[in-house]
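> I would like the atomic coordinates for the input below:
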Amino acid sequence: MPRVMVVDDDPDIRAGLERALASTGYEVETAVDGLDALLRMRDRPPDALLTDVLMPRADGWSLIRSCRVDPRLAGVRVLVMSGAPDMRAIAVQQGVDWFLLKPFTWAEAVIAIGLVLQGHHER
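Take a look at the predicted model:
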C-alpha cells in the first residue's frame with residue numbers, strides 16, 4: 001500500500017486529505033509543517049509527499065530541498081499545494097512532480113497522487 005505524507009498547517013486540510021486518501025487505500029501520515037514532516041519521514045520515507053508551501057518553522061520549499069539532499073528521501077515523489085497561482089512556476093523550478101492550486105477537491109488530490117505515483121508529471 002503506497003504511503004503518503006500530507007503536510008499543511010491547516011488542520012481541516014490535513015484531516016480532509018487524510019480521510020480522502022485513506023478511503024482510497026493509501027497509508028497516510030500527516031505533519032503540521034516542514035520540520036515535523038522531515039523528522040517523521042526520515043524514520044520511514046513515504047512514496048509521495050503532498051506539502052503546502054507557506055507554513056511556520058519550515059516551509060514547503062525548505063522541506064523539498066532537505067528531501068533532495070537526503071539519500072533516504074531523494075526518491076520521494078513531491079506534490080505542492082498552494083493558494084497562490086504564481087507558486088506554480090517556482091514549483092516547476094524546484095522540480096516538483098505536481099502542483100495543486102487551492103482550493104481543490106479531495107478527489108483532485110487523490111487523482112494527482114495516483115498519477116504521480118504512476119510516474120506522471122504535471123508540466
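
> Could you check which helix or strand contains the residue positioned nearest the centre of the chain?
The geometric centre of the chain, computed from its C-alpha atoms, lies nearest to L50 (CA atoms, centre = their mean), at 1.1 Å. Taking DSSP states H and E as the criterion, L50 maps to strand 48-52.

> and if you look at M81?
Per DSSP H and E, the secondary structure element for M81 is strand 77-82.

> thinking again about what came up before, and the angle from the helix or strand following the strand holding L50 to strand 77-82?
Of the helices and strands lying after strand 48-52 in sequence (DSSP H and E), the nearest is helix 60-69. Counting by axes from the mean of the first three to the mean of the last three CA atoms, to 10 degrees, helix 60-69 points 170 degrees away from the direction of strand 77-82.

> Just the residues contacting helix 60-69, thanks.
Helix 60-69 is contacted from outside by 7, 34, 37-38, 41, 49, 51-54, 58, 73-74, 76, 78, 80, 82, 90, 94-96, using CB atoms under 8 Å, 6 or more residues apart in numbering. C-beta coordinates here come from the backbone N, C-alpha and C atoms, glycine included.

> switch the cut-off to 10 Å
The contact list for helix 60-69, computed with CB atoms under 10 Å, 6 or more residues apart in numbering, reads 5, 7-8, 31, 33-38, 41-42, 45, 49-55, 58, 73-76, 78, 80-82, 87, 90-91, 94-96.

> so how far is it from its chain's centroid?
In terms of CA atoms, centre = their mean, to the nearest Å, the centre of helix 60-69 is set 11 Å apart from its chain centre.

> Using CSV, list the CA coordinates for that helix.
Only the C-alpha atoms of helix 60-69 are listed here, as CSV (Å, rounded to 0.1, in the frame of the first residue of the first chain):
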residue,chain,number,x,y,z
GLY,A,60,7.4,23.6,1.9
TRP,A,61,10.4,24.8,-0.2
SER,A,62,12.9,24.1,2.6
LEU,A,63,11.3,20.7,3.2
ILE,A,64,11.7,19.8,-0.5
ARG,A,65,15.3,21.0,-0.5
SER,A,66,16.0,18.9,2.6
CYS,A,67,14.5,15.8,0.9
ARG,A,68,16.6,16.3,-2.3
VAL,A,69,19.9,16.2,-0.3
